[in-house]
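Student: Dropping a prediction and its sequence here:
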Amino acid sequence: MAVIKIAPSILSADFGVLAEEIARVEAAGADQIHIDVMDGRFVPNITMGFPILDAIRKRTRLPLDLHLMIVEPEKYLAEFAARGADMLTVHVEACPHLQRTLASIRELVGRRGSPVKAGAALNPATTPATIEWVKDDLDLVLVMSVNRASAARSSFPPSIRRSDRSARCSARAASTSRSTAA
Amino acid sequence: MLGARGVDVSIDGGVKVEHARPLAEHGASILVAGSAVFEAQDPAKAIRELRAAAELGQ
């Protein structure tokens, strides 16, 4: 059973006092910090990039979980890793060669010399079947419960069903890799 | 079994404490929480409650 982790999303912080906000959620028991990077192309909103990542990295030792809602994420993966990202999650819909992108994330060396973790994110309209053939290259599946505009709108009943399907895909991934490795 | 290889399932978008248990029941292991934590009067309490509710669902 996976350990439950709570990841406060920095997009909801007050950026005028970002350092204090990070300290507040770290002291409150956050397991990792979730950073939503949006480019105004993959999603309508534009949020943050390298300078904010640098500022956050300087203020916390918690793992940084980057959710890249951007087109052509492969252009920026090495730079995000060099600046201290611990997990890089790309969107299935933004990657014409998803397996190659995920594998390239895991080849990146993160902090403390460990590999960067690779995640695949699914928009609400994307079937979890899309991750079936990249299961050996995944550390994380991120299920979007909403279509990102600028504000989150909750739509939980369908999202819960999606989570169930993603969980089953991940479970298959786990058992398949275990038997392959045996 | 989910997590046998360390694969996490993360849920992002409008997660509140009342969603934590059913999401964990369906295999979620990471809950991304924005306003539920940052806009809480007591973020430590908010995180504690999210975690406790999710663990009940496992």
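Tutor: Ah, there it is.
Student: can you map out the strands along chain B?
Tutor: Per DSSP state E, chain B carries strands over the ranges B:8-12, B:30-33.
Student: Give me the below-cutoff pLDDT ranges for the chain.
Tutor: The chain I'm using is chain A. The model of chain A has pLDDT under 70 over residues A:1, A:146-160, A:163-182.
Student: Chain B, not that one
Tutor: B:1-5.
Student: Tell me the residue of it that sits nearest chain A?
Tutor: Minimum separation of chain B from chain A (Cβ to the nearest Cβ) falls at residue B:27, amounting to 2.3 Å. C-betas here are computed from N, CA, C, even on glycine.
Student: quick one: that residue and residue B:11 touch, right?
Tutor: No. The criterion here is Cβ atoms under 8 Å, and residue B:27 misses it with residue B:11 at 9.7 Å.
Student: neighbour-wise, which of these two wins?
Tutor: Remark: of residue B:27 and residue B:11, residue B:11 carries more neighbours, 31 against 28, as counted by other Cβ atoms under 10 Å in any protein chain shown.
Student: how about CSV for the strands of chain B, with distance to residue B:22 added?
Tutor: As requested, the strands of chain B are exported to CSV (distance: least, Cβ to Cβ, whole Å):
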stretch, distance to residue B:22
strand B:8-12, 10
strand B:30-33, 11
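Student: Throw the ones you listed into CSV and include distance to chain A, thanks.
Tutor: Formatted as CSV, the strands of chain B follow (distance: least, Cβ to the nearest Cβ, whole Å):
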stretch, distance to chain A
strand B:8-12, 4
strand B:30-33, 5
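Student: Relative to residue A:21, which of the ones you listed is closest?
Tutor: strand B:30-33 (13.6 Å; Cβ to Cβ).
Student: For the closest one, which strands pair with it and how are they oriented?
Tutor: Neighbouring strands of strand B:30-33 in its sheet, by DSSP bridges, are strand A:5-8 (parallel), strand B:8-12 (parallel).
Student: Can you name the residues in contact with that strand?
Tutor: Residues outside strand B:30-33 that contact it (Cβ atoms under 8 Å, 6 or more residues apart in numbering or on different chains): A:4-9, A:32, A:34, A:65, A:67, A:140, A:142, B:8-13, B:15, B:20, B:23, B:46-47, B:50, B:54.
Student: these two touch, right, residue A:144 and residue B:14?
Tutor: No. Residue A:144 is beyond contact range of residue B:14, at 10.2 Å (criterion: Cβ under 8 Å).
Student: Looking only at neighbour counts, state which of those two leads.
Tutor: residue A:144 (24 against 20).
Student: Please name whichever of the strands paired with strand B:30-33 is nearest to residue A:95.
Tutor: Nearest of those to residue A:95, taken as Cβ to Cβ: strand B:8-12 at 17.3 Å.
Student: okay, that closest one in PDB with CA atoms only?
Tutor: The C-alpha coordinates for strand B:8-12 follow below in PDB (Å, rounded to 0.1, in the frame of the first residue of the first chain):
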ATOM      1  CA  ASP B   8       1.800   6.700  -7.000                       C
ATOM      2  CA  VAL B   9      -1.600   7.900  -8.200                       C
ATOM      3  CA  SER B  10      -2.000  11.600  -7.700                       C
ATOM      4  CA  ILE B  11      -5.200  13.600  -7.800                       C
ATOM      5  CA  ASP B  12      -5.100  17.300  -8.800                       C
END
